[in-house]
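K.L.:
this one's structure only:
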């Protein structure tokens with residue numbers, strides 16, 4: 001059946017105050033209405049629920065009672081997705097509960113995308129007082145009081161964008177069903193949330209390009225800026241809270257670019273599409289993009305596993321004090337040699353508060369993105385309808401969050417493909433509920449390339465030389481020349497068996513040149529993901545966690561700066577096309593506190 005793209009604006013005129021909860025509010029006894037910055041909103045999930053109910057009623061009414069009232073017709077399924085699990089086969093088991101929540105037959109996401117409805121003008125909030133209800137008798141309990149924050153009043157208008165690519169009958173059903181949307185949100189039976197809905201077809205918006213190329217080089221930094229909240233999925237948890245990963249994985253970015261290309265009218269069989277995004281030998285190599293500040297141009301780095309810091313390092317009196325944080329990869333290796341010879345080593349302490357330094361966490365050159373907890377009604381996977389007795393929460397990353405990674409193999413085919421993408425790029429989950437839109441910029445970075453690696457290696461050798469001189473005086477030195485040292489940190493997870501990682505990483509760095517592994521500070525983890533093609537979860541695989549660090553010494557000629565610069569962005573190990581295996585060669589973080 002022929003499909004067409006439909007853009008429209010859903011206009012909701014309030015006939016009574018609005019109560020649509022969900023966003024976390026300050027601790028109080030007040031049920032708060034959703035707010036996004038200074039604007040009150042109706043979340044996209046609530047709008048989709050109201051529209052879905054209206055389409056179901058209208059489509060079933062056309063069958064003259066031949067269809068059950070709760071059945072979901074084919075046109076409604078086309079717009080909103082068929083009933084079924086969002087993530088089929090995500091869990092396994094034979095129990096009834098697991099079978100209901102996992103499902104062998106997955107649902108579909110639907111063709112309709114709804115954004116949050118935002119007030120056109122300023123809407124004022126007010127608190128309404130009420131009397132509680134006895135759950136056993138249903139009668140009022142005068143001694144129990146509650147408060148609810150409501151927003152707006154009759155005449156206030158909110159607007160939400162609608163976007164879909166569907167068949168003409170499905171679009172016609174959506175247009176006709178709008179008149180059946182008469183209420184949104186909570187306490188509709190108590191006079192709240194009454195609306196008058198209308199739809200206005202619009203031309204496709206012409207936003208700022210979501211993909212921008214600023215350099216002709218094949219190895220660049222990629223900067224991702226969130227324009228809507230993000231839900232970056234990770235491994236499932238046994239709770240009803242969906243956490244968000246603090247980074248955009250390379251696999252997610254690659255899939256988002258492919259999805260945007262398809263929505264821009266580029267065929268999957270197009271030669272450049274397959275060369276840039278499908279063929280593992282030629283496809284673009286996106287790394288995981290790590291959180292960064294909006295103004296910083298540094299490439300963020302997970303805190304190395306060898307890094308120690310005072311737990312009060314963020315306090316005002318600790319800032320910009322040398323020794324509050326220090327790395328122990330090189331000094332720890334020399335300390336181990338000294339201990340082996342019968343010497344003693346004092347623990348590292350903070351020069352400000354004299355506390356013993358502990359393992360550092362977080363990011364170097366980056367910052368954790370701001371998050372917000374959002375609570376919504378769950379969905380009955382059997383019918384697709386809302387399930388009022390089931391709540392779930394998502395931990396969403398706030399808009400304006402910035403992530404920076406690297407990209408390699410940005411050849412001619414990739415450039416031609418990226419230049420043709422005009423559809424928005426969306427990452428993560430709940431993309432058809434107003435989440436996920438980002439801007440992607442490919443730009444040069446002074447922290448990539450042969451010159452940057454050469455500078456960092458020279459600083460490492462200069463900083464390590466005094467320590468080696470002291471070691472020689474004490475008779476414990478094992479390396480004669482600081483220029484032969486090479487320190488490496490995993491910028492992303494590395495898909496290698498942890499027990500073999502030092503040898504495999506060293507072999508990738510030095511090739512046939514003999515080398516020694518002097519120090520290792522690594523941790524093991526697991527990595528998974530979701531494959532849209534299957535669809536289904538990727539198998540769990542062991543990885544060496546991001547932030548793991550290794551210290552090597554070449555016993556022959558050290559590798560060239562040009563080779564190491566290319567290895568930084570192309571990565572080592574398996575699954576490099578999924579964003580894994582990226583390294584940082586002699587990063588400044590490894591010299592902190594002792595250089």
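P.N.:
Thanks, I have it. Because the structure is predicted, anything quoted here is derived from the model rather than measured. Residues are numbered from 1 along each chain as shown.
K.L.:
pLDDT score assigned to residue 536?
P.N.:
pLDDT recorded at residue 536 is 67.
K.L.:
cool, and the one 5 residues further on?
P.N.:
Among the per-residue scores, residue 541 shows a pLDDT of 84.
K.L.:
What about residue 201, how many residues nearby?
P.N.:
11 (other C-beta atoms under 10 Å). Using the backbone N, CA and C atoms, a C-beta is placed for each residue, glycine as well.
K.L.:
Identify the residues contacting residue 289.
P.N.:
Shown in contact with residue 289 (C-beta atoms under 8 Å, 6 or more residues apart in numbering): 222, 223, 224, 247, 248, 250, 253, 403, 404, 405.
K.L.:
quick one: least confident helix or strand in this protein?
P.N.:
Sorting the helices and strands of the chain by mean pLDDT, DSSP states H and E puts helix 96-102 at the bottom, at a mean of 35.
K.L.:
one step back: of the contacts of residue 289, which belong to strands?
P.N.:
222, 223, 224, 403, 404, 405 (DSSP state E).
K.L.:
Pairing partners for the second one in the sheet, please.
P.N.:
On the basis of DSSP bridges, residue 223 is bridged to residue 404, residue 441.
K.L.:
who wins for most neighbours among the contacts of residue 289?
P.N.:
residue 248 (30 neighbours).
K.L.:
Excluding residues flanking it in the chain, which one is nearest that residue?
P.N.:
Spatial nearest neighbour of residue 248, chain neighbours left out: residue 289 (4.2 Å); criterion: C-beta to C-beta, 6 or more residues apart in numbering.
K.L.:
Look up phi and psi at that neighbour.
P.N.:
Main-chain torsions, residue 289, degrees, to the nearest 10: phi -100, psi 120.
K.L.:
Let me see the confidence value for it.
P.N.:
For residue 289, the predicted pLDDT is 93.
K.L.:
Distance-wise, check it relative to residue 469.
P.N.:
40 Å (C-beta to C-beta, to the nearest Å).
K.L.:
Likewise for residue 364?
P.N.:
Shown here: residue 364 relative to residue 469, a distance of 27 Å by C-beta to C-beta.
K.L.:
same thing with residue 255?
P.N.:
For residue 255 relative to residue 469 (C-beta to C-beta), the value is 51 Å.
K.L.:
try residue 575
P.N.:
From residue 575 to residue 469 the distance is 42 Å (C-beta to C-beta).
K.L.:
Closest one to residue 463 out of the ones in strands among the contacts of residue 289, please.
P.N.:
Distance to residue 463 across the ones in strands among the contacts of residue 289 (C-beta to C-beta) is lowest for residue 404, with 25.5 Å.
K.L.:
Quick check: the closest one touching residue 225?
P.N.:
No - using C-beta atoms under 8 Å, residue 404 is not in contact with residue 225, being 9.9 Å away.
K.L.:
Give me the neighbour count for residue 505.
P.N.:
Neighbour tally, residue 505, other C-beta under 10 Å: 26.
K.L.:
What residues does it make contact with?
P.N.:
488, 494, 496, 550, 572, 573, 583.
K.L.:
Can you point out the helix or strand that includes residue 445?
P.N.:
Assigned by DSSP states H and E, residue 445 falls within no helix or strand.
K.L.:
Show me the strands in the stretch 301-450 of the chain, by range?
P.N.:
301-302, 307-309, 325-327, 358-359, 363-364, 371-379, 386-397, 402-408, 425-426, 437-443 (DSSP state E, counting those that start in this stretch).
K.L.:
buried stuff in the last one?
P.N.:
Residues of strand 437-443 classed as buried by neighbour count (16 or more other C-beta atoms under 10 Å): 437, 438, 439, 440, 441, 442.
K.L.:
do the same with stretch 546-563
P.N.:
546, 547, 548, 549, 550, 551, 552, 553, 554, 558, 559, 561.
K.L.:
Present the residues you listed as TSV; the columns should include secondary structure.
P.N.:
Converted to TSV, the buried residues of stretch 546-563 look like this (DSSP: H, G, I helix; E, B strand; the rest coil):
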residue	secondary structure
546	coil
547	coil
548	coil
549	strand
550	strand
551	strand
552	strand
553	strand
554	strand
558	coil
559	coil
561	helix
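K.L.:
Now pLDDT and distance to residue 270 too, for those residues, in CSV please.
P.N.:
Conversion of the buried residues of stretch 546-563 to CSV gives the following (pLDDT from 0 to 100; distance: C-beta to C-beta, whole Å):
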residue, pLDDT, distance to residue 270
546, 93, 34
547, 93, 39
548, 94, 39
549, 93, 42
550, 94, 41
551, 91, 46
552, 90, 43
553, 87, 48
554, 87, 45
558, 85, 43
559, 89, 38
561, 91, 37
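K.L.:
Return the member of those nearest to residue 531.
P.N.:
Using C-beta to C-beta, residue 546 comes nearest to residue 531 of those, at 21.7 Å.
K.L.:
pretty sure that closest one is touching residue 302, no?
P.N.:
Yes - between residue 546 and residue 302 there is a contact under C-beta under 8 Å: 4.4 Å.
K.L.:
can you list residues touching both of those two?
P.N.:
Residues touching both residue 546 and residue 302 by C-beta under 8 Å, 6+ apart: 490, 491.
K.L.:
helix/strand/coil for the residue most central in space within the chain?
P.N.:
The residue lying closest to the centre of the chain (C-alpha atoms, centre = their mean) is residue 232, at 3.2 Å. Using three-state DSSP, the structure places residue 232 in coil.
K.L.:
In which helix or strand does the closest residue to residue 152 other than its chain neighbours reside?
P.N.:
Leaving aside its sequence neighbours, residue 152 sits nearest to residue 123 (C-beta to C-beta, 6+ apart; 4.2 Å). Secondary structure from DSSP H and E places residue 123 outside every helix and strand.
K.L.:
Would you mind giving the domain segments of this structure?
P.N.:
According to automatic domain parsing, the chain comprises the domains 3-201, 211-298+366-443, 319-359+449-591.
K.L.:
Take the ones you listed and write them to a markdown table, including distance to residue 309.
P.N.:
Listed next are those as a markdown table, based on distance: least, C-beta to C-beta, whole Å:
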| stretch | distance to residue 309 |
| --- | --- |
| domain 3-201 | 30 |
| domain 211-298+366-443 | 15 |
| domain 319-359+449-591 | 4 |
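K.L.:
Out of those, which gets nearest to residue 310?
P.N.:
Among the domains of the chain, domain 319-359+449-591 comes nearest to residue 310, with 3.8 Å by C-beta to C-beta.
K.L.:
Point out where the stretch 101-250 of the chain drops to low pLDDT.
P.N.:
Across the stretch 101-250 of the chain, the ranges flagged by pLDDT under 70 are 101-109, 203-208, 234-238.
K.L.:
Go again with 80.
P.N.:
Residues of the stretch 101-250 of the chain meeting the criterion pLDDT under 80: 101-110, 124-125, 128-130, 132-135, 138, 142-143, 145-149, 190, 201-209, 233-240.
K.L.:
the helices in it, which residues?
P.N.:
Using DSSP state H, counting those that start in this stretch, the helices assigned to the stretch 101-250 of the chain run over residues 168-177, 250-263.
K.L.:
tilt between the longest one and strand 437-443?
P.N.:
Angle between the axes of helix 250-263 and strand 437-443 is 100 degrees (criterion: axes from the mean of the first three to the mean of the last three C-alpha atoms, to 10 degrees).
K.L.:
Return the set of buried residues in helix 250-263.
P.N.:
Those would be 250-261, 263, for helix 250-263 by 16+ other C-beta under 10 Å.
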